[in-house]
Each structure stands twice: as C-alpha cells, then as structure tokens.
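In: The sequence and its predicted three-dimensional model are supplied below.
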Amino acid sequence: MFSAIRAPRVYEHIASQIERAIYEGRLQTGDKLPPERQLVREFGTSRVAVREALRTLEHRGLLEVRQGATGGYFVRAADAGLLLRDLHTLLRLGRVSVAHLLEARLLVEPDVARLAAVRASDADLKLLRQAMDERTEVGPSGRSWRMLDLGFHRLVAEAAKNPVHALLTHALMDLEADLTVPRIELTETDSREIDAAHRDIYDAVAAHDAPRARVAMEAHVVDVQRRLRRAELHETARVAASVAVARGAV
C-alpha cells in the first residue's frame, strides 16, 4: 500500500526555494535570476544540480530562457498557454466535448460579466465598443466573425480585473477556437443574434449594472450552446447522408 520515503534530490531543494521566492513575490514577473555561477555559490552545490532545477522550473512554466548577451533565466508571466496545453491534451484524447466546454463557460463567464460591470474603466468600454464595431464591419462571414466574438469575451474578462478569471477565459476561448470554429458552421441569423446579445452585455457593463450583466451573459452562453449543438447535429447528419450516398454509388 505504501512505498519507501525518498529523500529529495539536491536539485529539488533548489527548485523548491526558487519556486517559493516566486510565489511569495520576492521574485517578480520579468525578474532575471542570477547567473548559474552565482547560484552555484549561493546554494553551495554543483552546476549540474542548478541546471536541473532551472530546467524543472522552466518545464513547470515558472521560468523562461532568453538568448543573447542579456539573456538568461527570467520569471515568466502568467498566461493561458500552460492551461491550454492541458486542455488540448484532454481534447486530443477525446475527453473534451463541445458540451463540456460550454458548461465550463457557463460556470465562469456570467460572474466575469458581473465583475466587469463593477470594475470596467472607460478604456475597457472603449475597447469593447471597438470590438463590436469591427464585428459589424466584418459581418456574418464565418470564421472571421466568430474569432471576433471570442475576442469580445476576452475583453470582458480583462475588464473584470481578475487575473484568474482572465486566465481561465483566455484558455476557454482558445480551446473553443480550436474545437468549434473550424468544424461547426453557424448561420447569418446566428451571427446577427449573437451580435445583439453582445450589445446587451455591453450595455449592462457600461451601465455598471452587475446583476443585469450576469443575467445577459448567462443567457448568451446558454443560447450559444443551443446554436452550436443544433449546428453540430446538422453537420453530423450531413456527413452521414454523404457517406450513405457514397456507399450506395459503390
């Protein structure tokens, strides 16, 4: 049932100390770590152990390597990339469906909109207006307008001023861009009605009406879920019919 306790290796101690310094704020995003030679002296260990610790932290996404005369190891900024890679792994294994994705959006985005209504600045509102205007100029042209729609949701998340919400929203939007945009077609009617829903959300955020913003976003995500499910079923039926015709012709 149990296994023997293994004493941590030297590089794990080094990685743990650097990791703790990052989490406690003693090392900030963008800070450059001391050169390897200095780290070897400070930790009183070998260069091999220091390098292994740095590679471990790079793999965890806490550090990044920059090349050149001013290069080295730097504390990495938080982004959606690491989370997105995990989600993509689940997607490739067939464990994430459109329904799963939209359920997650329904859990996150209504409260994001509520916070945006409380915290959005004039600059945030300007960016949201510009996104809607760009969407109008593009019109209902398939992939282009859908990518702009995802961009609108990203901006709402940024306006909420919560980095955790922003990280989750960016990851969900990236996943939707890969999972639904290339293979599920929506109609021009869908496009117009989604645009109208975004304007309802914007109006609530601009009015700083948090309850209304939350309700508007929830209704919008539920509506998008219905539209995508309908489009997915239509595409499945179309493919099945094409296969049947092809088999009959053989």
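Out: In hand now; what should we look at? Since the structure is predicted, the reported quantities are computational estimates derived from the model, not experimental observations.
In: Report how many residues lie close to the residue nearest to residue 18 when sequence neighbours are not counted.
Out: In space, and not counting its chain neighbours, residue 18 is closest to residue 57: 6.0 Å by CB to CB, 6 or more residues apart in numbering. All C-beta atoms are positioned from the backbone trio N, CA, C, and that covers glycine. Using other CB atoms under 10 Å, residue 57 has 22 neighbouring residues.
In: wouldn't residue 131 be in contact with residue 155 here?
Out: Yes - applying CB atoms under 8 Å as the test, residue 131 and residue 155 come out as touching, 5.7 Å apart.
In: Tell me who's in contact with the residue nearest to residue 18.
Out: Taking CB atoms under 8 Å, 6 or more residues apart in numbering, we find residue 57 in contact with 15, 18-19, 63, 73.
In: Show me those residues that map onto strands.
Out: Among the contacts of residue 57, the ones falling in strands (DSSP state E) are 63, 73.
In: which of the contacts of residue 57 are buried?
Out: By neighbour count, with 16 or more other CB atoms under 10 Å, these hold 15, 18-19, 63, 73 as buried.
In: need the contact list for residue 21.
Out: By CB under 8 Å, 6+ apart, residue 21 lies in contact with residue 27.
In: residue closest to the middle of the chain?
Out: In the chain, the residue lying closest to the centroid (CA atoms, centre = their mean) is residue 171, at 1.3 Å.
In: does it count as helix, strand or coil?
Out: helix (DSSP: H, G, I helix; E, B strand; the rest coil).
In: Where in the chain is the helix or strand with the lowest mean pLDDT?
Out: Least confident helix or strand of the chain, by mean pLDDT, DSSP states H and E, is helix 81-92 with a mean of 66.
In: Much appreciated, bye for now.
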